[in-house]
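Novice: Just a sequence and a predicted model for now, questions to come.
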Amino acid sequence: MSDEFNFSKPKNITADQVIQYLTKIAKDNPEPETNRAVIYVRKSRVISGISYYSPEIQEKDCRGLAVRNNFEVQKVITDLDRSGKNSDRPGLQEILMMARNREIDYVLVQYIDRNYRNGLSMLKFYEKLGEYGVSILSVHENINTNDFQGRFMLFMYSIMAEWPIHLTSERARATAENLKEKGRHHGAYRLGYCNGVCSNCKDPNGFDYCPLYGGHNRVESENGRVQVPHPIEKHAVVLIVSMYEAGYSSREIARHLNDNLFLVDEVNVKFRTKGIAGYKEPGKFTSESIIGIVRSPFPVGVVAHYPTAKLNLQDDIENPKKYKITVKNRRIPEKTYAGKHEALYPYELWEKNQTIRISKKKVPTNSEKPNRTYLLRGIAQCWECLPYTKPDKTVSLRGSTNGSGKAIYRCASLHGRKKDKQSKLNLTQFDLISSHDEYAPNLRELHPKPILQAALLEKQVEDLVLNLEIPQEWYERILAYMVSDEGLSEYKRKNYNLSTEFKKFRDMYSEGDIDSAEYTAKKMQISTELTNLKPSSNPDLHHIIPVIKDFPKLWQMLSQEGKHILLRVIFERIYFDGNGQIREVRAHAPFDTILNLHTDCE
């Protein structure tokens, strides 16, 4: 067996290999010559009001460490709502990239388990950073991987940090199975239900929404152990499943609930989603949330157990997607149990809706029809809907074809809205009376032209792009990616190694260990190697430079899919108004500077 760890099969690693590996990486590391640091902040789940491990406190503690050690903080990198059991985190990958590019000397964390809750991955991460001359410093464990004691503690804490992952996984599975066998739900509360502890209500749809908020606890809830029907939400659930049975699409149902007020117990109410206390606020219904309600058997008195992936700590820190496990049929229950909670509607109606839902998936397709690539897919956004969306949300323009086969774009909020349907249901049978919410926007009136010609939109974007002139300092970087997947990272690494080697010979010459002739020869050799390292010195790439200089010509050479990929690299969002004119362009750095973009195009 090889002495190297096989991180894909942790169970096959022997004790001898562990000792050899720790001995290999437990060597004294030289102190970095510069003090460039990056602060890393991670939290598995950010919940308001919970200060333990809070991102703000993590950053504050790390900044204090940086001040005490005269470090220059280059950046604060965060991975919020991300687990530490593997390397599939954008922030962590950014740190590795900065290390490869020789941009940092230290990684500062509040606790070692902020890096990983996976012992083997933590050691591999430490080794990889060590290859680039980067050290890890922990605030509260007082760990500095530049000395032996710090490395020894790192190894110990790395293994200890993994223990809660195993413990939590085992307990959570056992608890969930035990509760469901008893007919009780495990996890977040479903729309239509609450825990019935009204005197100490923490439900997102409690205060200023539920008429029972702050009152006596409901006896049927057994002190919160059994979910009970929510006085307001239960009406929304029954209305949703009834509209679905009547032939309404999930999008139409969501629109109906979002645009209307409903009279419940002589009070006008705006139905909204459940939300999660301290984590996610209640909000508007979407097509996906409606389908989730229709699909769930919980409102008909059934507790379901769904398949979940077993705990998997296999990891590749440089290719984190390699060991990603997907669960097949995760929406199909493995087991069902009779619940102790009250059903909101009949089981027969739920079965009928599942038949309707499955039948809608069977859409006829034409395999001979070629797939069309829309240049602005994922980039074009609706300017008219912007004032009515949340700050972090947008409404995209979707590409499709009209009756004559021409490419068009339409606001996603208008898809499927040929004419707003009037409800065919008699709402009084649900103890409801609806009235239009005067604050809900009339989406059709917001859009002067509901259909926008793709040629008009794409021509404006192409005109923007054709003004692009690639800076000369980018040439080396572009050429580097043509010879290596690592781009300039490999060049910088070799450059750093050669520069370090030259410094060593210069010191030897200064101290009289080598003579002038040997020093001069070595200097010329390293200088030549440094020059040859540059991608532009590769004769096989010389013909590419003229193409890079003439960007309009390069653009015309690209395929439609290639153009789309490039646009996604350049632009974050482009907003078009109801007449198809650009109103705002948001480009990724540094393209915003190169294109000399203005935030608002009047």
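Specialist: Great, that's in hand.
Novice: Please make it C-alpha for all contacts and neighbour counts, starting now.
Specialist: OK.
Novice: tell me the domain ranges of this protein?
Specialist: Using automatic domain parsing, the domain ranges for the chain come out as 10-168, 193-301+339-361, 373-418+447-602.
Novice: So for Gly187, which of the ones you listed sits nearest?
Specialist: domain 193-301+339-361 (10.8 Å; CA to CA).
Novice: Could you pull out the strands in the stretch 251-400 of the chain for me?
Specialist: 260-264, 267-269, 302-305, 335-338, 380-382, 397-401 (DSSP state E, counting those that start in this stretch).
Novice: Rounded mean pLDDT for the last one, please.
Specialist: Confidence over strand 397-401, taken as the mean pLDDT, stands at 88.
Novice: Strand partners (parallel or antiparallel) of that strand?
Specialist: Sheet pairing of strand 397-401 (DSSP bridges) gives strand 407-411 (antiparallel).
Novice: quick one: contacts of the strand it pairs with?
Specialist: 381-382, 395-402, 450-455 (CA atoms under 8 Å, 6 or more residues apart in numbering).
Novice: By mean pLDDT, which helix or strand of the protein comes out lowest?
Specialist: Lowest on mean pLDDT, DSSP states H and E among the helices and strands of the chain sits helix 15-25, with a mean of 52.
Novice: one step back: compare the domains of the chain and report which one is nearest to Asn178.
Specialist: Asn178 lies closest to domain 193-301+339-361 among the domains of the chain, at 12.7 Å (CA to CA).
Novice: hang on, the earlier thing: pipe the domains of the chain into TSV and attach distance to Tyr323 and mean neighbour count per row.
Specialist: Shown next, in TSV, are these (distance: least, CA to CA, whole Å; neighbours: other CA atoms under 10 Å):
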stretch	distance to Tyr323	mean neighbour count
domain 10-168	9	18
domain 193-301+339-361	28	18
domain 373-418+447-602	21	15
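Novice: Of these, which is nearest Thr326?
Specialist: Per CA to CA, nearest to Thr326 of those: domain 10-168, 14.2 Å.
Novice: Where does the residue nearest to Arg42 when sequence neighbours are not counted sit, in terms of helix or strand?
Specialist: Here the nearest residue to Arg42 in space, its sequence neighbours aside, is Asp79; by CA to CA, 6 or more residues apart in numbering that works out to 4.7 Å. Element membership of Asp79, judged by DSSP states H and E, is strand 72-80.
Novice: What is the subsequent helix or strand relative to that strand?
Specialist: Strand 72-80 is succeeded, C-terminally, by helix 90-100 (DSSP H and E).
Novice: Check which helices and strands that next one is in contact with.
Specialist: strand 72-80, helix 488-510 (3 or more CA pairs under 8 Å, 6 or more residues apart in numbering; DSSP states H and E).
Novice: just to revisit the earlier point, ok, which of the strands of the stretch 251-400 of the chain comes nearest Lys280?
Specialist: Closest approach to Lys280 among the strands of the stretch 251-400 of the chain is made by strand 267-269 (20.3 Å; CA to CA).
Novice: Show the average pLDDT along the closest one.
Specialist: The average pLDDT within strand 267-269 is 89.
Novice: Over to stretch 344-355?
Specialist: Here the average pLDDT along stretch 344-355 is 93.
Novice: what sits against the residue lying closest to Ser199 once chain neighbours are set aside?
Specialist: Leaving aside its chain neighbours, Ser199 sits nearest to Gly214 (4.4 Å; criterion: CA to CA, 6+ apart). Residues near Gly214 by CA under 8 Å, 6+ apart: Cys198, Ser199, Asn200, Cys201.
Novice: got the residue ranges for the strands in the stretch 501-602 of the chain?
Specialist: 571-576, 582-587.
Novice: Neighbouring strands - and their directions - for the last one?
Specialist: So that's strand 582-587. strand 571-576 (antiparallel).
Novice: which residues are contacting the strand it pairs with?
Specialist: Here strand 571-576 makes contact (CA under 8 Å, 6+ apart) with 378-383, 457, 582-588, 591.
Novice: mind checking the longest helix of this structure?
Specialist: helix 148-181 (DSSP state H).
Novice: just checking, what packs against that one?
Specialist: Judged by 3+ CA pairs under 8 Å, 6+ apart, helix 148-181 is in contact with helix 119-131, strand 143-144, strand 302-305.
Novice: Pipe those into a markdown table and attach distance to Asp265 and mean pLDDT per row.
Specialist: Converted to a markdown table, the helices and strands packed on helix 148-181 look like this (distance: least, CA to CA, whole Å; pLDDT from 0 to 100):
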| stretch | distance to Asp265 | mean pLDDT |
| --- | --- | --- |
| helix 119-131 | 57 | 87 |
| strand 143-144 | 62 | 80 |
| strand 302-305 | 28 | 84 |
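Novice: got the ones you listed as TSV, with distance to Leu179 columns?
Specialist: Formatted as TSV, those follow (distance: least, CA to CA, whole Å):
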stretch	distance to Leu179
helix 119-131	32
strand 143-144	42
strand 302-305	9
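Novice: Could you say which one of the ones you listed comes nearest to Ala343?
Specialist: Of all the helices and strands packed on helix 148-181, strand 302-305 comes closest under CA to CA, at 8.1 Å.
Novice: thinking again about what came up before, could you redo the strands of the stretch 501-602 of the chain as CSV and give each row distance to His543?
Specialist: As requested, these are exported to CSV (distance: least, CA to CA, whole Å):
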stretch, distance to His543
strand 571-576, 28
strand 582-587, 29
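Novice: Any chance of JSON lines for these, columns distance to Gly192 and mean pLDDT?
Specialist: Below are these laid out as JSON lines (distance: least, CA to CA, whole Å; pLDDT from 0 to 100):
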{"stretch": "strand 571-576", "distance to Gly192": "37", "mean pLDDT": "92"}
{"stretch": "strand 582-587", "distance to Gly192": "40", "mean pLDDT": "91"}
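Novice: List just the one of those that sits closest to His235.
Specialist: Among the strands of the stretch 501-602 of the chain, strand 571-576 sits nearest to His235 (CA to CA), with 37.8 Å.
Novice: The closest one: how far from the chain's middle?
Specialist: 20 Å (CA atoms, centre = their mean, to the nearest Å).
Novice: ditto for stretch 525-541
Specialist: 39 Å.
Novice: And the contacts of that stretch?
Specialist: Tyr475, Glu476, Leu479, Ala480, Val483, Tyr491, Lys494, Asn495, Leu498, Phe502, His542.
Novice: among those residues, which two are most distant?
Specialist: Phe502 and His542 (28.9 Å).
Novice: any weak-confidence spans in the stretch 251-400 of the chain?
Specialist: 329-330, 361-371, 390-392 (pLDDT under 70).
Novice: do the stretch 101-250 of the chain as well
Specialist: Looking at the stretch 101-250 of the chain by pLDDT under 70, you get 166, 169-173, 176, 180-181, 183, 185.
Novice: one step back: can I get the domains of the chain in TSV including distance to Ser435?
Specialist: Converted to TSV, the domains of the chain look like this (distance: least, CA to CA, whole Å):
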stretch	distance to Ser435
domain 10-168	35
domain 193-301+339-361	5
domain 373-418+447-602	20
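Novice: How about the contacts made by Arg357?
Specialist: Arg357 touches nothing, counting by CA under 8 Å, 6+ apart.
Novice: Would you agree Asp79 is in contact with Ile39?
Specialist: No - using CA atoms under 8 Å as the test, Asp79 is too far from Ile39 to be in contact (11.3 Å).
Novice: from memory Ile39 sits against Val109, does it?
Specialist: Yes - Ile39 is within contact range of Val109, at 6.2 Å (criterion: CA under 8 Å).
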